[in-house]
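Participant: Build the 3D model from these lines:
(chains A and B, ligands or ions: 1)
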Amino acid sequence: MTNRFIDLLAKSRAENSPIMVDGGMGTMLFAAGLMFGDPPEMWNALPDKQDKVRGVYRGYLEAGSQIILTNTFGGTSFRLKMHNLQDRTFELNRLGVAMAREEADKFGPDRVVAGSIGPSGELFEPMGKLTYESAVEGFARQAEGIAAGGADVFWIETMSDLQEVRAAVEGARKAAPHLPIVATMTFDTKGFTMMGVSPSQAVHELSALNLAAMGANCGNGPDELEATICAMHQTDPNVILVAKGNAGMPQLVDGRATYNATPEHMLEHARRFRAFGATIIGACCGSTPAHIKAMTEALRTLPPLDPSTVELTVPLPERKVASSDKRARRERRG
Amino acid sequence: MDFSDLPDDELWLQMQDDLYDGMKEEVTAETEEALKRGYSPTEVLEKGLVAGMDIVGVDFRDGVLFVPEVLMAANSMKSGMEILRPLLTETGAPRVGKVVIGTVKGDIHDIGKNLVAMMLEGAGFEVINLGVNVDADKFLAAIREHKPDIIGMSALLTTTMPYMKVVNQALIDERLREEVYVMAGGAPVSEAFSMAVGADAYGRDAATSVEIAKAYMESMRKQPK
Ligand code: B12
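Facilitator: The predicted structure follows:
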């Protein structure tokens, strides 16, 4: 059976060309009137809001995204439970994907729909209450809806815990064993994930999961993301890397988060992500179709940067040692 | 688990280390040992638990520790706190004041809020912790039920911070705003933001928050509303 995403990867490899993915979804929906604290996935089922979701999809497809991510990021049963919507997990995910499928198909047979799967928002034992088995089940419920909506690929994103990635991959495979899987993590804590995973550790551990691609998304703006991608590429130059960073850092203006990177900034970063080893390039929170359009055009028309001349603006992530004297403490315990 | 052979000053260090390393059983035993030696619950809290958590805070800020370690440390602090809580209530003269605290709707970050809650308890406040994802109705219901002096709202996401304003407005609409002192906190929250959402005070960290809460109660004692 052919798969559009696998075909796209093959074409990119043959032509040595980057692949454009989309930009932020959540921040676009907030701009379209979504209220803070409300679940974006609910809009997939509200007749007067569905067109706003479709509008975001269309915006990115028009801007040049070859892959669009669905409005299902918070669609695990865990996340939906916060809004008492857990019983509608399948439906909300299926609807979000089905709309993306329809919009993508209007733009041609090669546009890819990626079913977004975000973190559960829960912590695993012993830190929290989540067990591995229940996490797999929760992700499987969401993945069933995503597969039923007609996605080409599962897109696990914004993860900080490797255990959770494994559970999401297992859940997705349970729901639809034939679909390829992409997983990206968020390195937003001094170059590590919140849980302390380094980019190179992520490459090592995710490589065991038979993924179609892996990488980094969200985080603290494009400069840090470049260092993350660089570290991942150095760890294994053969993995297909995704770079999908925020449009700068959020600043609060009138109580609303606004992001400071313009399309012009992001265009330059798109070329740099490519030079540092990324194949699949897009953006995350705070970006708009205008950012993606500028990035697409830059990658299509400007000559590639020479990797040997491109320099990082932030250092590669490095483990820090405690200021408190650990050895003395261990000795005391004996 | 026996810590009876450790001199006092080493017991405190050991307690801080074990808290740092998230060793719950050890912290529990050390809390009991320190009490057995005649230290007051407040002293045990300050010299053992809070001092240990301070080191965790610094190393977390510096990128030495990450979330798993901080959570395990917070869990050990909690187990020590469970022993101290009833004693603090007994020995502490009348309660300093009553606080209802929660993380606002859409947000599930609770490490910082729980620290503030524990430190307030340590300082003699009665704390009603509403947990996470708390909407305005829940805050209102808790205020009606418990009649607190202070309500505390926590938010860690730029997407949930503005909800503090919704809660504040609900307090105004329900004519409860005059009844309570509103404190706001959470990493992305600032003094200016707290004022913009209509709060009375901003708590930068747990220690400052306790100071502010105490100062407010003090001012109320002198000049009741
Ligand atoms: C731990 C953590 C988590 C844990 C939470 C576990 C838990 N039980 O709390 C988990 C993994 C579940 C998590 C999930 C998410 N997180 Co998170 N998380 C963090 C992290 C790493 C630390 C927060 C923390 O506990 N700090 C330590 C405590 C002690 O500090 P504190 O909370 O600031 O509290 C102190 C003061 O602020 C104050 N205070 C706090 N509350 C109150 C209340 C009152 C009344 C007062 C007076 C004072 C006060 O006193 C406290 C003690 O000193 C931060 C990054 C960071 N380094 O800050 C990201 C961060 C907050 N998370 C972030 C994000 C994006 C998320 C997710 C959306 C990820 C995702 N894409 O799914 C989800 C959100 C789910 C949800 N709906 O809430 C972003 C927020 C970005 C933004 N600008 O909005 C951050 C900043 C990371 C980042 N750089 O991108 N997260």
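
Participant: Could you use CA atoms for every contact and neighbour count after this?
Facilitator: Noted.

Participant: which residues are contacting stretch A:23-40?
Facilitator: With contacts defined as Cα atoms under 8 Å, 6 or more residues apart in numbering or on different chains, stretch A:23-40 is touched by A:52-53, A:56, A:60, A:71-72, A:74, A:80, A:83, A:244, A:246, A:282-289, A:291-292, B:105-107, B:159-160, B:162-163.

Participant: switch the cut-off to 7 Å
Facilitator: Applying Cα atoms under 7 Å, 6 or more residues apart in numbering or on different chains, the external contacts of stretch A:23-40 come out as A:71, A:282-289, A:292, B:105-106, B:159-160, B:163.

Participant: So what would you say the end-to-end distance of it is?
Facilitator: End-to-end distance of stretch A:23-40: 16 Å, with Cα to Cα, to the nearest Å as the criterion.

Participant: ok, which pair from the contacts of stretch A:23-40 is furthest apart?
Facilitator: A:Ile292 and B:Lys105 (31.7 Å; Cα to Cα).

Participant: higher neighbour count, these two?
Facilitator: A:Ile292 (30 against 24; other Cα atoms under 10 Å in any protein chain shown).

Participant: So that one sits against A:Glu62, correct?
Facilitator: No: assessed by Cα atoms under 7 Å, A:Ile292 is found out of contact with A:Glu62, at 9.6 Å.

Participant: got the residue ranges for the helices in chain B?
Facilitator: Ranges of helices in chain B, per DSSP state H, are B:8-20, B:24-36, B:41-44, B:51-61, B:67-91, B:111-122, B:136-146, B:163-173, B:191-196, B:206-222.

Participant: Where does pLDDT dip in the chain?
Facilitator: Using chain A here. Scanning chain A for pLDDT under 70 picks out the ranges A:255, A:323-334.

Participant: look at chain B instead
Facilitator: Per-residue confidence for chain B (pLDDT under 70) gives these ranges: B:91-94, B:225.

Participant: What residues does it have near chain A?
Facilitator: Applying Cα under 7 Å from any Cα of the partner chain, one finds that chain B approaches chain A through B:17, B:59, B:63-64, B:66-68, B:71-72, B:105-106, B:158-160, B:162-163.

Participant: residue contacts, the residue of the stretch 201-334 of chain A found nearest chain B?
Facilitator: Relative to chain B, the nearest point of the stretch 201-334 of chain A is A:Lys320 (5.2 Å; Cα to the nearest Cα). A:Lys320 is in contact with B:63-64, counting by Cα under 7 Å, 6+ apart.

Participant: If we use 10 Å, what do you get?
Facilitator: By Cα atoms under 10 Å, 6 or more residues apart in numbering or on different chains, the residues touching A:Lys320 are A:190, B:59, B:62-65.

Participant: In these, find the pair that's most separated.
Facilitator: Using Cα to Cα, these span at most 12.2 Å, a distance reached by A:Lys190 and B:Asp59.

Participant: Need the overlap of contacts for those two.
Facilitator: Common neighbours of A:Lys190 and B:Asp59 (Cα under 10 Å, 6+ apart) are A:320, B:66.

Participant: circling back to that earlier point, can you tell which of the helices of chain B is closest to A:Ser200?
Facilitator: helix B:67-91 (18.9 Å).

Participant: Not counting its neighbours along the chain, what's nearest the most centrally placed residue in chain B?
Facilitator: The centroid of chain B falls nearest to B:Val116 when counting by Cα atoms, centre = their mean (1.7 Å). The spatially closest residue to B:Val116, leaving aside those adjacent along the chain, is B:Ala206, at 4.7 Å (Cα to Cα, 6 or more residues apart in numbering or on different chains).

Participant: Counting neighbours, what do you get for the one you found?
Facilitator: With other Cα under 10 Å as criterion, B:Ala206 counts 19.

Participant: How about A:Gly96?
Facilitator: For A:Gly96, the neighbour count with other Cα under 10 Å is 29.

Participant: Check the one 10 residues further on too.
Facilitator: One way to gauge burial is a neighbour count; for A:Lys106, by other Cα under 10 Å, it gives 11.

Participant: Report the contact partners of it.
Facilitator: A:58, A:61.

Participant: rerun at 6 Å
Facilitator: By Cα atoms under 6 Å, 6 or more residues apart in numbering or on different chains, A:Lys106 lies in contact with nothing.

Participant: List the contacts of residue 136.
Facilitator: This is for chain A. A:Val136 makes contact with A:167, A:171, according to Cα under 6 Å, 6+ apart.

Participant: ah, I was thinking of chain B
Facilitator: B:Val167.

Participant: try 7 Å this time
Facilitator: Shown in contact with B:Ala136 (Cα under 7 Å, 6+ apart): B:167, B:170.

Participant: Give me the buried positions along stretch B:142-161.
Facilitator: B:142-143, B:147-161 (16 or more other Cα atoms under 10 Å in any protein chain shown).

Participant: Strands of chain A, residue ranges please.
Facilitator: Using DSSP state E, the strands of chain A run over A:19-20, A:67-69, A:112-117, A:153-159, A:181-185, A:213-218, A:241-245, A:250-253, A:256-259, A:278-283.

Participant: Up against the ligand, what does chain A have?
Facilitator: Neighbours of the ligand within chain A, by Cα under 6 Å from any ligand atom: A:119, A:121-123, A:158, A:188, A:194, A:219.
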